[in-house]
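have a look; sequence and predicted model below, questions after that.
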Amino acid sequence: MDVEQARFNMIEQQIRPWEVLDNRVLSLITKIPRENFVPAASRKLAFADIGIPLIHEQEMMQPKIEARLLQALAIQETDSVLEIGTGSGYLTALLAGMAKQVYSIDIYPDFIAEATEKLAQSGIKNVTLKTTDATQPWKQNQPYDAIAITASYPTPPTEYLNALRIGGRLFAIVGEAPVMEALLYTRIHHDAWSKESLFETILPALINAKTPQKFVL
């Protein structure tokens with residue numbers, strides 16, 4: 001496989017058509033080798049327009065979704081960012097390429113261990129990784145300028161909306177299969193947030209996230 005041609009095709013045929021035109025985002029995706037973060041068994045699929053399976057029934061998001069997430073959060077070089085769900089560590093690397101500091105948490109210690117190694121191999125130093133259950137709100141280093149949640153939530157993640165500073169942005173995929181919606185929240189006041197619908201997709205649910213009770217007649 002011609003890796004650089006495959007990367008170029010991914011950007012031009014998947015990411016740009018999804019209205020990702022931010023040059024910072026496109027440049028970062030060009031520079032950070034996605035293939036190094038993909039499980040060895042799926043390496044040939046590194047640039048495919050699919051969610052790549054990870055262990056623990058998790059997955060890497062499609063490249064175009066990762067790109068839309070980055071563009072929507074509009075991360076600045078002075079920003080402090082929280083990532084909920086480290087997974088492969090690839091999105092962590094992209095976030096680190098835009099922010100001052102990234103804090104990334106995951107419930108699975110093997111994800112954290114592998115991401116630590118891959119990020120070090122890539123020379124990325126502005127990331128702090130921690131194994132913890134994200135349903136128990138991560139209170140350290142609050143407030144954040146941006147929060148990226150890489151698993152779906154059945155309802156809006158109130159505990160993390162409250163962790164944003166005024167002007168802070170949060171990306172979350174909210175709902176239950178087959179209806180999930182990618183949303184961008186912006187904190188506009190101490191007790192007020194705006195909400196923008198970005199697109200529809202489906203992702204595995206956050207481990208231990210509480211599903212709201214359904215009303216039955």
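That came through fine.

quick one: low-confidence ranges for this structure?
By pLDDT under 70, the low-scoring segments of the chain are 212-217.

would you point out which residue is most central in it?
The residue lying closest to the centre of the chain (CA atoms, centre = their mean) is Thr150, at 4.1 Å.

what distance do you get for that residue to Ile173?
Applying CB to CB, to the nearest Å, the value for Thr150 to Ile173 is 9 Å. Quick note: C-beta positions are derived from backbone N, CA and C, even for glycine.

what is in contact with those two at once?
Both Thr150 and Ile173 are in contact with Leu203, where contact means CB atoms under 8 Å, 6 or more residues apart in numbering.

all strands of the protein, in order?
52-53, 59-60, 80-84, 101-106, 127-131, 144-153, 164-176, 179-189, 192-200 (DSSP state E).

which elements pack onto the first one?
I take that to be strand 52-53. On a contact count with 3 or more CB pairs under 8 Å, 6 or more residues apart in numbering; DSSP states H and E, strand 52-53 meets strand 59-60.

list the contacts of the strand it packs on.
Phe37, Val38, Gly51, Ile52, Pro53, Leu54, Gly87, Ser88, Tyr90, Leu203, Pro204.

out of those residues, who has the most neighbours?
Tyr90 (27 neighbours; other CB atoms under 10 Å).

leaving out sequence neighbours, find the closest residue to that one.
Leaving aside its chain neighbours, Tyr90 sits nearest to Phe37 (3.7 Å; criterion: CB to CB, 6 or more residues apart in numbering).

could I get the contacts of strand 59-60 as CSV with distance to Asp22?
Formatted as CSV, the contacts of strand 59-60 follow (distance: CB to CB, whole Å):
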residue, distance to Asp22
Phe37, 21
Val38, 23
Gly51, 22
Ile52, 23
Pro53, 28
Leu54, 26
Gly87, 22
Ser88, 22
Tyr90, 18
Leu203, 22
Pro204, 27
